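> Give the three-dimensional model of this entry:
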Amino acid sequence: MANSSALIPAERIDRLIIMVRGQKVILDRDLAALYGVSTGNLNKAVSRNLDRFPEDFMIQLTHEELRGLIFHFGTSSWGGTRKPPRAFTEQGVAMLSSVLRGKRAVHVNIEIMRAFVRLRRMLQANTVLARQLRDLEKKYDSQFKVVFDAIRQLMTPPSGKPRQIGFKNDEPDK
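From the prediction side, this is the model:
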């Protein structure tokens, strides 16, 4: 159900949701950009209300996790941050609406909640598809094993390794 009058394109929000410690989160800098505030101001508002952000709502990334993100995304767009970023779960983003005020914050929160729901639906659909595939596999004999294996491989999410973009030049520099 795409909302053509959405403040922020759904695809933009979907790309910001990442996995950290097995949880789907959005980084503080990305949320700040969506809300139209500085990362510092977003974090000040959160710091003033830390009791509203328990561990399952917000994660403070470690330096190692930050290095992993920088490596994964290729270049550092974090600049010279002194502290690793905070990462907010779906519940943390919902709680931000009580900390950040204004019409834009309300509309942005609605779009972010919709993105999390879309992601949950996609994951649920994949689970249902996997169950249906198992049922079909039980029903039919081994002659279709190759087909089932190929479908299962297509359903497997990509590994945690970053994709290589560009080309590799094996020739030594001259």
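> pretty sure G92 is touching E55, no?
No - counting by CB atoms under 8 Å, G92 does not reach E55; the two are 9.9 Å apart. From N, CA and C alone the C-beta is placed, and that goes for glycine too.
> can you give me the helices in the protein?
Listed in chain order, the helices of the chain (DSSP state H) span residues 10-16, 28-35, 39-47, 63-73, 90-99, 103-139, 145-155.
> what's the offset of the last one from the middle of its chain?
The one in question is helix 145-155. Here helix 145-155 is found 26 Å from its chain centre; the criterion is CA atoms, centre = their mean, to the nearest Å.
> Need the pLDDT of the nearest residue to K24 once chain neighbours are set aside.
Leaving aside its chain neighbours, K24 sits nearest to I17 (5.3 Å; criterion: CB to CB, 6 or more residues apart in numbering). Reported pLDDT at I17 in the predicted model: 86.
> Which one of G92 and E55 is surrounded by more residues?
Each of G92 and E55 has its neighbours counted (other CB atoms under 10 Å); G92 has more, 24 against 9.
> what about the closest residue to the more buried one other than its chain neighbours, neighbour count?
Spatial nearest neighbour of G92, excluding adjacent residues (CB to CB, 6+ apart): F57 at 3.7 Å. Using other CB under 10 Å, F57 is surrounded by 18 other residues.
> where's L100 relative to L31, distance?
9 Å (CB to CB, to the nearest Å).
> between those two, who's got more neighbours?
L31 (27 against 21).
> before we move on, the earlier item: ranking the helices of the chain by burial, who's on top?
The highest average neighbour count among the helices of the chain, using mean count of other CB atoms under 10 Å, belongs to helix 28-35 at a mean of 22.
> now the angle from that one to helix 103-139?
Going by axes from the mean of the first three to the mean of the last three CA atoms, to 10 degrees, helix 28-35 is angled at 120 degrees with respect to helix 103-139.
> any idea of the angle helix 28-35 forms with helix 39-47?
Per the same axes, to 10 degrees, the angle that helix 28-35 makes with helix 39-47 is 100 degrees.
> The longest strand along the chain pairs with which strands, and in what direction?
For the chain, the longest strand by residue count, based on DSSP state E, is strand 23-27. Using DSSP bridges, strand 23-27 pairs in its sheet with strand 18-20 (antiparallel), strand 86-88 (antiparallel).
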